[in-house]
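**Q** pasting the structure only:
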């Protein structure tokens, strides 16, 4: 594989993959916050 | 008798006779690192052991980095096995409160944008003629994260370890100098004045406990090559958030992290042998590392501008600059910069969110990078 | 008109730099809050006289907790 292909692949798949992964994480966390909402009492108990 | 005296005496002079110019230069470099750490307060916890390790390894005939030398033993035990950066990661996880990013999950995206410099710099390094794996190690300086940089470099380009880690740690401490001009250049006065109110607590304890677990499983499945990095930081964080193992959390964040920092620093310093370190290549790596961090900042701010538009002016693009892993320096820079233009603006919590996202982002970026390399059959 | 200054960030009150009856200008520094191990200055929202202070040094504050009240124009 020549260096140009390598560099472009890393940029596209690497950066794209990073963005995608963090996008998924962001969505999952948003979902988790919906399923387990914050309740004031819970924190006071803890 | 006289001859024995002379021979004995020559033993005391041999060190001087074997001293090469490169050693002298590196001893001076070591002293500069010590000066920066001690007098200028640039990451002293790292620069003091690194600087001293650099001096030790450049004293001829002591052979501290030869087989059975004590620095070689530490290096082989902790750096070659990747144990030191991973143990540091357990500590970072135990020290970091990720709740600011959990408050506003969109900021995870800023933590991704802040890694752009890694991949752009990788391309630049390739264009300058570095081999693929060397370019990867140089790019990873853009993760702005010492342990990540050391982990990747020690594994795939160990001959660059000294240069890469010195670049990573010294630029990390220069974040307050490097970032503000880029932030100003890329934003308008109106954008910088956007007030973001601090959000009220909205993250439940359940979410905070599940977060490290979910990230580990999800991230591990996507990028298994980076699981050691992700798994250790998340283990530390789980111990912190669950509250059930306070002793282990404290030990990871204090005792273990301190001991490992010392050993890590001294063995990184030990890679700075004049014969290896003093090459034009090192200067190019230092320059590329600098570019990487500038590009990270620029991409973060640019994504911040996109979010400014999509949120209809509710998100201040400055917080994008905090999407790097230099925690919490970068968030402080953003807070100060924001307050310069609007005294009633407190971006701190939002910047901390982006900054915590940057920590996760840099680990994910390294993990993704390694898995992509694996997929392409390069490693 | 009374203007309330509430805490912009969660943290601990490090210093209260004014007292009841003090006259302040807009953007004068009135308090320091320590948050995330960083010292953050808090500025007066308007010019006037301080009529009440809701916190003491070393108090922990949450977002929107009352810090002080200013009688505007005093």
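**A** In hand now; what should we look at? No experiment lies behind these values; they were computed from the predicted model shown. Numbers count the residues shown, from 1 in each chain, chains lettered A, B, ... in the order given.
**Q** show me where chain C has strands.
**A** C:2-6, C:11-16, C:23-24, C:29-35, C:38-43, C:48-53, C:60-61, C:66-72 (DSSP state E).
**Q** just checking, what packs against the strand or helix carrying residue B:182?
**A** With secondary structure defined by DSSP states H and E, residue B:182 is part of helix B:175-186. Packing partners of helix B:175-186 (3 or more Cβ pairs under 8 Å, 6 or more residues apart in numbering or on different chains; DSSP states H and E): helix B:280-310, helix B:329-341. The C-beta positions use only the backbone N, C-alpha and C, and glycine is treated the same way.
**Q** Could you look up the next helix or strand downstream of the shortest one?
**A** Tracing the chain past helix B:329-341, the next element assigned as helix or strand by DSSP H and E is helix B:348-375.
**Q** Surely residue B:151 and residue B:82 touch.
**A** Yes - Residue B:151 is within contact range of residue B:82, at 5.6 Å (criterion: Cβ atoms under 8 Å).
**Q** Can you give me the pLDDT of residue 46?
**A** Assuming you mean chain A. The predicted structure scores residue A:46 at 46 on the pLDDT scale.
**Q** switch to chain B, that's the one I care about
**A** Looking at residue B:46, its pLDDT is 90.
**Q** Tell me if it really is in a helix.
**A** Yes - judged by DSSP: H, G, I helix; E, B strand; the rest coil, residue B:46 forms part of a helix.
**Q** That one: how many residues sit nearby?
**A** By other Cβ atoms under 10 Å in any protein chain shown, the residues close to residue B:46 number 25.
**Q** Would you check how far apart it and chain C are?
**A** As for residue B:46, its distance to chain C is 18 Å (criterion: Cβ to the nearest Cβ, to the nearest Å).
**Q** What of residue B:378?
**A** Taking Cβ to the nearest Cβ as the measure, residue B:378 falls 40 Å from chain C.
**Q** so what's the residue nearest the centre of chain B scoring on pLDDT?
**A** With distances taken as Cα atoms, centre = their mean, residue B:145 lies nearest the centre of chain B, 1.7 Å away. Note on residue B:145: pLDDT of 92.
**Q** tell me the contacts of it?
**A** Listed by Cβ atoms under 8 Å, 6 or more residues apart in numbering or on different chains, the contact partners of residue B:145 are B:168, B:172, B:325-326, B:359, B:362-363.
**Q** right, and residue B:183 touches residue B:296 too?
**A** No - here residue B:183 does not reach residue B:296: they are 11.9 Å apart, not a contact under Cβ under 8 Å.
**Q** Which one's more surrounded, these two?
**A** Higher neighbour count among residue B:183 and residue B:296: residue B:296, with 35 against 25, using other Cβ under 10 Å.
**Q** nearest residue to the more buried one other than its sequence neighbours?
**A** Using Cβ to Cβ, 6 or more residues apart in numbering or on different chains and skipping residues adjacent in sequence, the residue nearest residue B:296 is residue B:117, 3.6 Å away.
**Q** Can you read off the backbone torsions of that neighbour?
**A** Dihedral pair for residue B:117: phi -60, psi -30, per degrees, to the nearest 10.
**Q** ditto for the one 5 residues further on
**A** Residue B:122 has phi and psi values of phi -60, psi -50 when expressed as degrees, to the nearest 10.
**Q** tell me the pLDDT at it?
**A** On the pLDDT scale, residue B:122 gets 96.
**Q** Count the residues that sit near it.
**A** Other residues lying near residue B:122 total 29 when counted by other Cβ under 10 Å.
**Q** pretty sure it contacts residue A:11?
**A** Yes - counting by Cβ under 8 Å, residue B:122 touches residue A:11, with 7.5 Å between them.
**Q** Tell me how far the residue in chain C that chain B sits nearest to lies from residue C:35.
**A** Closest to chain B within chain C is residue C:8: 4.0 Å, counting by Cβ to the nearest Cβ. Distance from residue C:8 to residue C:35, counting by Cβ to Cβ, to the nearest Å: 9 Å.
**Q** neighbour-wise, which of the two wins?
**A** For residue C:8 versus residue C:35, the count of surrounding residues by other Cβ under 10 Å is larger for residue C:8: 25 against 21.
**Q** Skip the chain neighbours and tell me the closest residue to the more buried one.
**A** Closest residue to residue C:8 apart from its sequence neighbours, by Cβ to Cβ, 6+ apart: residue B:346 at 4.0 Å.
**Q** Can you report phi and psi for that neighbour?
**A** Phi and psi for residue B:346, reported as degrees, to the nearest 10, are phi -120, psi 90.
**Q** Any residues of chain C in contact with chain B? List them.
**A** Residues of chain C lying near chain B by Cβ under 8 Å from any Cβ of the partner chain: C:8-10, C:27, C:35-38, C:40-41, C:43, C:45, C:62-64.
**Q** Fine by me, thanks again.
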